[in-house]
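S.K.: Quick one, structure for this:
(chains A and B, ligands or ions: 2)
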Amino acid sequence: MNPTNNPTFADQQSSSDVVGKPLVRVDGRAKVMGAAVYSAEHNQLPDLAHAVIKTSDVAKGRITGFDDSAAKRIPGVLGIFTHLNLPPLAQTPSTSEGKKKIALAMQMSFTPLTSDQIFYAGQPVAIVVADTLEHAQHAAALLKVSVVAETPVVSYRDTQAKLFTPTEGAAAQVPAKRGDAQAAFSNAPVQLTLTCQHATNHHNPMEPGATIAHWEAADRVTVYDTTQAIASTHKALYVMLGLPPDNVRVVTKFLGGGFGSKLTMWPHTVLTAQVAKAVGRPVKLVLTRPQMFTSMGHREDQQQTLRLGATKEGKLLALLHEKISTTSPWDNYAEMNSKIVHMLYACPNFDASVKLARANVMTSTYMRGPGEAPGSFAIECAMDDLAYQVGLDPIAIRLLNHADKDPGTGKPWSSKSLKQCYERGAELFGWGKRNPKNGATRQGNKLVGWGMASGSYPVHDAQGNARVRLYADGHALVQAAATDLGTGTYTIITQVAADSLGIAPENVYFELGDSALPTTAMSGGSRAAGTVSSSVFLAAQDVWQKLIKLAIADQHSPVYKAKPADVEAVKGRLQLKADSTKGEAFITLMQRIGLDDLEGVATGHYGSSYESPEATLNTPQAKKDDAASHSMHSFSAHFCEVEVDTELGTVHVTRWVSVVAAGRILNSMTARSQVIGGSIFGIGAALMEGTVRDPHLARYTNASLADYHVCVHADIPEMTVAFIDEEDRYINAMGVKGLGEVSIVGTSAAVSNAIFHAIGHRLTSLPITPDKVLKALRKTQ
Amino acid sequence: MNDFHYAKASTAKEAADLMNDQPGAVYLAGATTLLDLMKANLAAPPLLIDINTLPFKGIEQTKDGLRIGTMERMSTVGENPLVVQEFPAVSQSLLLAASAQLRNMASIGGNLLQRTRCGYFRDAAFPCNKRQPGSGCPALTGDNHNMAILGTSERCITTSYPGDLAVALLAFDAVLILQNQKGKQRQVPINEFYLLPGDTPHRENVLEAGELIVAVLIPTATHAQHSTYLKVRERTSYAYALASAAVGLDVQNGIIRSARVALGGVGAQPWRSPAAEKVLTGAPANRATFQDAASAALQNAKPRSENAFKIELAQNTLVRALETVANA
Ligand SMILES: Cc1cc2nc3c(=O)[nH]c(=O)nc-3n(C[C@H](O)[C@H](O)[C@H](O)COP(=O)(O)OP(=O)(O)OC[C@H]3O[C@@H](n4cnc5c(N)ncnc54)[C@H](O)[C@@H]3O)c2cc1C
Ligand code: SF4
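M.R.: Numbering: from 1, shown residues only, chains lettered A, B, ... in the order given. Ligands and ions are numbered 1, 2, ... in the order given. Here you go, the predicted model:
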């Protein structure tokens, strides 16, 4: 498929200078026509068989036996695999050696089907392979598993739960403390304590996790997988299967969302490869929707307590953050909420802690805005409370405490436009007309409230490679093993390549999603856009440098015998810097010298590993500037209006404005969609999303899309999105910060703050469902 | 999910014969709920008898009301001008249900026979008295935030019918026409159709094995013309009710001559409230009356660990619905 056929623009016709413009998704047409082949759709493979996972009913216990007599009688069954007969893996993340080798490529160190132990409801206990999906499903339903069940621990709130302070793992990575927060809080004239509870959340991408494994030879396998991270899935697979890296290929051409659930590899992927090998046929596995709740992680259920001390005027003196959350029997994972508490405002004293409780659940994982999303809820609700306590407008309190440099590290920001976000947001929302009193704006049965909150997300260090092959007929092949979650990676990289090469976007063919391509960053932690765009831009520069060399050596060239440094490439022309009339199109040159194509490669750096052009200038001042090393973050401000029905307890978001400053925006349309998506995600977390584990059996009671509520269209008003243009020379070659994560950060707080303004009650237990609103309002009556 | 056979019936007799020949066979209408149950291994019928081409069609004015064939789709009935005009609450109950896609497929008969959304019932890994008599009811001490508070038993506390249409039909005295396998028809008022859980939560209605629902009759009445359906839920669309109310009022000179009140989302079955209707009848149509009626309606409510909020919510829902009709 060539996804770049006939690119069109949303609001204009344009064929050059396309970066930033609203180019319609280059893969959009293929998607709506059904031509885009997703990971579960490689049905052309010969003798493709189907696998179905059988999961544990109970959350804790031991398997005492299997009865497969009925299952085996289903026609077409090729294999029934359990811990008793599944051929072992060369390596698993459960051993310390395996853990070291696989590192962050797998979030959960537990490998199912390796023993008779059951640790969580929904744990795979068997996998059935048959010639058709129907046969596999039927056989899996008939397979009987005998277990001796034990009483599980359900969550950190369970009376059986034992809290501990982790000393290793992600949950131990608490930001460094500064000052003496405890003393500063005790002495602060204004003291405020906020406790927030967050229900378990699940990513629920439209496309479930799915894998097809095809062994092309006894020691060579291609795995079509739903992964946001080609390189790490590739690594986890070759390590676990005990194969040389070159013998494993991972392909992900299209993704139907992921939100973090597809960022690390989960057991079902390698299980598919194992059973495919065992049955000697390509095997497809697609997780069911209920299985999606127990197969690819979740955002853990948690409680955070933020204590905030301030002066009477509202200047922050102390921030103390405590988090308690549920983790799995093996791993110490907690999303790090306190990262954003640590850096969002100038505050001399800060301390944070994390406590975990092991429970019978799988390991939780990264979910959009991991850490920052719930962390921003705590700090941004607390800042709102502070504003009311000291009698300041919510924007004024934030300006008063604005961090002019990173309060944690003392480093200057590479760029920061948060003040502009406030200003533009306030203007777009009409914030100036806000009634400062809460609970004071009634419309019939409803109270109306306005709230706002800030957001921020760090630039995570990353690097990646890209290859650009420019052809003499004027088109280009661009390659990097990136993935497109559906957010527009195909499109933005096509735009970057088009501009870098001076050709039209329809002449760019961008290929991604294959471990055979140059390795690059994962689509996670907002790394992809900045890394891939930079490496493609630099690979194009590599092409130009090579072409310039050829041009100055060609006696028919207008730049013959010029110094390389005196020649530049502008819109596909090689010309003298001093005299642009002396030049020619690259096509003319390549055709004349009989060069069919030319390849450029480059590594793009993102974040702190990137050296700014100043640094490469090699002047002492430039070196100093760059080495001062900057703190790199994107920032945002969200504004929300709600109507709260005071008798029915329902909350409706009726207006929304988001303003985001995230460096250079590569495509104004896909960027807007990202921000809308993040905001809706945050509104969902605030008002309705929550997975419920039975308090005795530790099994989810609402594992379906009918019962786990995400926002529907009717929940969402017209949304206004604006961007603040930023030029950031310290981030990467393209000045791109990434948008996926920052677009959710602060959004749930904006909703809670609007509710507080509407009804005068602070609701901090998420999701804020009608029962909680009614309970709060009862206090007023 | 299991392997199954599929057959199409074009007459009621053909359907009955197919049913006779295959024990455990199940009728298939829009399939929107039956297939979900099969995929979750909660139903494993050997044969699906497609009844979509049965002549149980049409929305007709009769001499004393409306007759709706059960093969009509939720969207068709909800948008039908006669329904909209004569029974606004019925129309609204349909159009506020499920999603547009589901409403376009789902039949009226299938709607009346939808099963509970209790998460324990919907997941075969849990015990559940309704699904497996005697296995227990984990909802009693578990996730019961959206369970019923009226008409429950210690065996089962769910809203056995979680939907909307039956609530509106119950308010307006609808009658179901049923036809058994021998082709014999009988009429059952909807308030006698559903069974409370008691000790037998697996028995949900009086439909006999193989019996078909042919049509729904709704009598015309002034209180039905002045009616509304209010549904409160955790998101604006595509969610089941936490509480809902179907109400109709015939008000003359400020005094209520007749009233109809049914609640959804709070009863073990769709819940008609004669007590509320008694308070309303003959009383002035004002908020005080409506509040009294709401208190009466919820008088016997029995909340569990997480759903006490439903008492207040159902009362407020009822008051709001009554005000809406009174002020229209
Ligand atoms: C996600 C989701 C959300 C929903 N939300 C709502 C909601 O908000 N409100 C609401 O009211 N409903 C809701 N529903 C339920 C929906 O209305 C029902 O699924 C639908 O009405 C069933 O109709 P059907 O024709 O598809 O029935 P089918 O699935 O075909 O059949 C259901 C059952 O009825 C039997 N049956 C069907 N017709 C007859 C007949 N004429 N005689 C005898 N037996 C018959 C079948 O044998 C089967 O057992 C929702 C459903 C889903 C899946
Ligand atoms: S409430 Fe009823 S349906 Fe739910 S678990 Fe209990 S018995 Fe089963």
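
S.K.: Residues of chain A that sit close to ligand 1?
M.R.: residue A:706 (Cβ under 6 Å from any ligand atom). Glycine gets a C-beta too; all of them are placed from N, C-alpha and C.

S.K.: Name the SS class of the residue nearest the centre of chain B, please.
M.R.: In chain B, the C-alpha nearest the mean C-alpha coordinate belongs to residue B:166, at 2.8 Å (Cα atoms, centre = their mean). Three-state call for residue B:166 (DSSP: H, G, I helix; E, B strand; the rest coil): helix.

S.K.: pretty sure it contacts residue B:109?
M.R.: No - if you go by Cβ atoms under 8 Å, residue B:166 and residue B:109 don't touch, sitting 11.5 Å apart.

S.K.: Roughly how far does residue A:728 sit from chain B?
M.R.: 39 Å (Cβ to the nearest Cβ, to the nearest Å).

S.K.: Spatially, what comes nearest to that residue if we skip its sequence neighbours?
M.R.: residue A:415 (4.1 Å; Cβ to Cβ, 6 or more residues apart in numbering or on different chains).

S.K.: Which helix or strand contains the one you found?
M.R.: Secondary structure assignment for residue A:415, by DSSP states H and E: no helix or strand.

S.K.: For it, list the residues it contacts.
M.R.: Listed by Cβ atoms under 8 Å, 6 or more residues apart in numbering or on different chains, the contact set of residue A:415 reads A:661, A:663, A:726-728, A:730-731.

S.K.: Distance check, it against chain B.
M.R.: 38 Å.

S.K.: distance of that residue from residue A:729?
M.R.: Counting by Cβ to Cβ, to the nearest Å, the gap from residue A:415 to residue A:729 is 8 Å.

S.K.: What of residue A:682?
M.R.: 31 Å.

S.K.: Those two: which has the busier surroundings?
M.R.: residue A:682 (31 against 17; other Cβ atoms under 10 Å in any protein chain shown).

S.K.: What is the three-state secondary structure of the more buried one?
M.R.: helix.

S.K.: Please name the residues that touch residue 163.
M.R.: No chain was given, so I picked chain A. Residue A:163 neighbours (Cβ under 8 Å, 6+ apart): A:156, A:324, A:355-357.

S.K.: was after chain B, sorry
M.R.: Going by Cβ under 8 Å, 6+ apart, the list of residues near residue B:163 reads B:97, B:111, B:114, B:240, B:264.

S.K.: Which helix or strand contains the residue in the stretch 151-300 of chain A positioned nearest to chain B?
M.R.: Of all residues in the stretch 151-300 of chain A, residue A:290 sits closest to chain B, at 7.4 Å by Cβ to the nearest Cβ. Assigned by DSSP H and E, residue A:290 belongs to helix A:289-292.

S.K.: Let me see the mean pLDDT of that helix.
M.R.: For helix A:289-292, mean pLDDT rounds to 98.

S.K.: And for stretch B:12-25?
M.R.: 95.

S.K.: got the contact list for that stretch?
M.R.: Outside stretch B:12-25, the residues that reach it (Cβ under 8 Å, 6+ apart) are B:5, B:7, B:9, B:27, B:45-49, B:51, B:54, B:179-183, B:210, B:212, B:214.

S.K.: Would you list the buried entries among those residues?
M.R.: Buried residues within the contacts of stretch B:12-25, counting neighbours by 16 or more other Cβ atoms under 10 Å in any protein chain shown: B:7, B:9, B:27, B:45, B:47-49, B:51, B:54, B:179-181, B:210, B:212, B:214.

S.K.: for residue B:78, what are its contacts?
M.R.: B:91-92, B:94-95, B:103.

S.K.: Can you tell me which of those residues are buried?
M.R.: Here, 16+ other Cβ under 10 Å leaves B:91-92, B:94-95, B:103 buried among the contacts of residue B:78.
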